[in-house]
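1. Mind folding the following:
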Amino acid sequence: MRLSEGRVLYLARESLNRLRAEGLAEIPNYSLALRVARELVADWNERGDAIDAAVRRKIASIKRGIVEGSPEWNILYRRYREEEMRKKGPAR
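-> Numbers count the residues shown, from 1 in each chain. This next block holds a predicted model:
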């Protein structure tokens with residue numbers, strides 16, 4: 001799912017605010033922290049998009065043509081997504 005720049009910024013800002021409100025982090029330079037958080041959220045989103053595309057290609061390559069949304073498609077999607085996540089390793 002493609003997130004807009006505004007949504008990425010919103011998620012980064014909310015994450016920092018929550019960390020600060022719950023006393024989990026002190027943020028002396030909020031603008032720097034916001035820039036880094038925005039980059040992390042954007043990278044995470046791009047990684048998820050790349051994994052999604054790879055999984056959809058894998059399912060589409062199956063000769064018998066599995067219909068998206070069917071129970072079989074959903075099972076394969078989850079299985080292939082887990083495989084891709086293991087292959088790619090943890091984010092940063």
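2. what's near enough to touch the residue nearest to residue 30 when sequence neighbours are not counted?
-> Nearest residue to residue 30, sequence neighbours excluded (C-beta to C-beta, 6 or more residues apart in numbering): residue 16, at 7.1 Å. C-beta coordinates here come from the backbone N, C-alpha and C atoms, glycine included. By C-beta atoms under 8 Å, 6 or more residues apart in numbering, residue 16 lies in contact with 25, 27, 30, 33-34, 37.
3. SS state for residue 68?
-> State at residue 68, reduced to three classes by DSSP: H, G, I helix; E, B strand; the rest coil: coil.
4. Hmm, residue 15 is touching residue 37, no?
-> Yes: at 5.7 Å, residue 15 counts as touching residue 37 under the criterion of C-beta atoms under 8 Å.
5. which residues of this protein score low on pLDDT?
-> Scanning the chain for pLDDT under 70 picks out the ranges 1, 89-92.
6. and the longest helix for it?
-> The helix that spans the most residues within the chain, counting by DSSP state H, is helix 30-60.
7. Which SSE is immediately downstream of that helix?
-> With elements assigned by DSSP states H and E, the helix or strand that comes after helix 30-60 is helix 71-88.
8. Return the list of helices and strands in contact with that following helix.
-> helix 30-60 (3 or more C-beta pairs under 8 Å, 6 or more residues apart in numbering; DSSP states H and E).
9. helices or strands up against the helix it packs on?
-> Judged by 3+ C-beta pairs under 8 Å, 6+ apart, helix 30-60 is in contact with helix 5-21, helix 71-88.
10. quick check, distance from that helix to the centre of its chain.
-> Chain-centre distance of helix 30-60: 5 Å, with C-alpha atoms, centre = their mean, to the nearest Å.
11. the inter-axis angle of it versus helix 5-21?
-> Relative orientation of helix 30-60 versus helix 5-21 (axes from the mean of the first three to the mean of the last three C-alpha atoms, to 10 degrees): 120 degrees.
12. and the direction of helix 30-60 versus that of helix 71-88, what angle?
-> If you take the same axes, to 10 degrees, helix 30-60 sits at 130 degrees to helix 71-88.
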